[in-house]
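A.B. asks: structure of the sequence below:
(one chain, ligands or ions: 2)
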Amino acid sequence: MTPETARPFIDIHAPVAEALASGKPVVALESTIITHGMPYPQNSEMAANVEKIIRDEGAVPATIAVIDGRLKIGLSDAEREALAKTTGTMKLSRADLAFAVAQGRTGGTTVAGTMIAAHLAGIRVFATGGIGGVHKGAEKSFDISADLDELARTPVVVVSAGAKAILDIEKTLEVLETRGVPVVTHGSDVMPAFWSRISPYAAPLRLDAADDIAAFFRTRQALGIEGGMLVANPVPAADEIPVETMAGYIDAAQRDAEAQGVSGKAVTPFLLSRILELTNGASLKTNIALVENNARLAAKIAKAL
Ligand code: PSU
Ligand code: MN
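C.D. replies: Ligands and ions are numbered 1, 2, ... in the order given. Below is the predicted model of the structure:
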């Protein structure tokens, strides 16, 4: 599966290599959420827990990252723990993944970066928290995540809780539609908003069973339609923060980002950590719960595939 030219740069963790060779289900996990999305030690606990959830569902987890220039498909417990503690790591998307490999650097892979690596390794399903998308005010800043383009070109099913609610969800849905990315909500008629189960926007497509999501992806590939797809899985009701409660915190964080002139790759990590402060940690608890929920569904889809 992995192209010959890529092999010298990639380390596939033994359990992942074995699963891929024997056709067992594998779920990829990103690492920007570890390096830039959550503070230590919650990031480390979350990353270990999510791997366990995938194993308990009968699939093999593959956390993806670049460590000292090696593109890692699956990490050992020690590597994952060390990454969670490392500060000053890069945030790696399509533009800079190969830079980190060429320069021997260490970094967390974003949704886009993780999709590229998962596809190189032959992994078709990937669980995350929320994808990047069109930022509020994008008409001025042009800040649109590379995650959207990646979904359009790389054949991986990405299981998320929607687009992070710090984004303009309506514009994000528009861009996904333009780029031909199916957005399938799991068990809901409306698009979720990351920390909240609902947003004001209707679900473009809805499926309630992992088997049906897998069948949709298979059919797409059979028809020769390239690219990935986005599954939007609402956070469990017990863990959600109502959309009205979040709105005020998101606006406040947004204003702080503007006042401090935060731009480019720093925007998403800044907003997430500011919202964590403003909600006294409640947003982090919800973030962890939704990633775990997504891991469970992703494992079921991987098994069905
Ligand atoms: N989801 C989370 N926390 C995160 C991210 C997603 O719950 O930190 C990361 C993902 O790696 C996503 C990235 O790809 O944020 C988007 O960054 P940007 O908006 O700069 O493309
Ligand atoms: Mn951006």
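
A.B. asks: alpha carbons only for contacts and neighbour counts from here, please
C.D. replies: Fine.

A.B. asks: packing partners of the helix ranked longest in the chain?
C.D. replies: As assigned by DSSP state H, the longest helix anywhere in the chain is helix 282-304. For helix 282-304, the helices and strands in contact under the criterion 3 or more Cα pairs under 8 Å, 6 or more residues apart in numbering; DSSP states H and E are strand 26-29, helix 42-56, strand 125-127, strand 157-160, helix 210-222, helix 267-278.

A.B. asks: pLDDT on that helix, on average?
C.D. replies: In this model, helix 282-304 has an average pLDDT of 96.

A.B. asks: what parts of the protein come near ligand 2?
C.D. replies: With the criterion set to Cα under 5 Å from the ion, the chain comes near ligand 2 through 143, 145.

A.B. asks: residues of the chain that sit close to ligand 1?
C.D. replies: 32-33, 36-37, 110-112, 129-132, 145-147, 265, 268, 287 (Cα under 6 Å from any ligand atom).

A.B. asks: in the longest strand along the chain, what counts as buried?
C.D. replies: Longest strand of the chain, by residue count under DSSP state E: strand 60-67. Of all the residues in strand 60-67, those buried under the rule 16 or more other Cα atoms under 10 Å are 60, 61, 62, 63, 64, 65, 66, 67.

A.B. asks: quick one: distance of that strand to the chain centre.
C.D. replies: 13 Å (Cα atoms, centre = their mean, to the nearest Å).

A.B. asks: list the neighbouring strands of the following helix or strand past it plus their orientation.
C.D. replies: Using DSSP states H and E, the helix or strand that follows strand 60-67 towards the C-terminus is strand 70-73. Strand 70-73 sits in its sheet next to strand 10-12 (parallel), strand 60-67 (antiparallel), going by DSSP bridges.

A.B. asks: columns mean pLDDT on top of those, output as CSV?
C.D. replies: Listed next are those as CSV, based on pLDDT from 0 to 100:
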stretch, mean pLDDT
strand 10-12, 98
strand 60-67, 98
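
A.B. asks: report pLDDT for the most far-flung residue of the chain relative to its centre.
C.D. replies: Most distant residue from the mean C-alpha position of the chain: residue 259, 27.9 Å away (Cα atoms, centre = their mean). Per-residue pLDDT puts residue 259 at 95.

A.B. asks: distance-wise, check it relative to residue 127.
C.D. replies: Distance from residue 259 to residue 127, counting by Cα to Cα, to the nearest Å: 33 Å.

A.B. asks: could you give the number of residues near residue 107?
C.D. replies: Burial measure for residue 107: 31 neighbouring residues, criterion other Cα atoms under 10 Å.

A.B. asks: shaky segments in the stretch 1-150 of the chain?
C.D. replies: Low-confidence segments of the stretch 1-150 of the chain, defined by pLDDT under 70, are absent.

A.B. asks: hmm, residue 50 is touching residue 291, no?
C.D. replies: Yes. The pair residue 50 / residue 291 is scored as a contact, 7.3 Å apart, by Cα atoms under 8 Å.

A.B. asks: residue in the stretch 101-250 of the chain with the shortest distance to ligand 1?
C.D. replies: Relative to ligand 1, the nearest point of the stretch 101-250 of the chain is residue 110 (3.2 Å; Cα to the nearest ligand atom).
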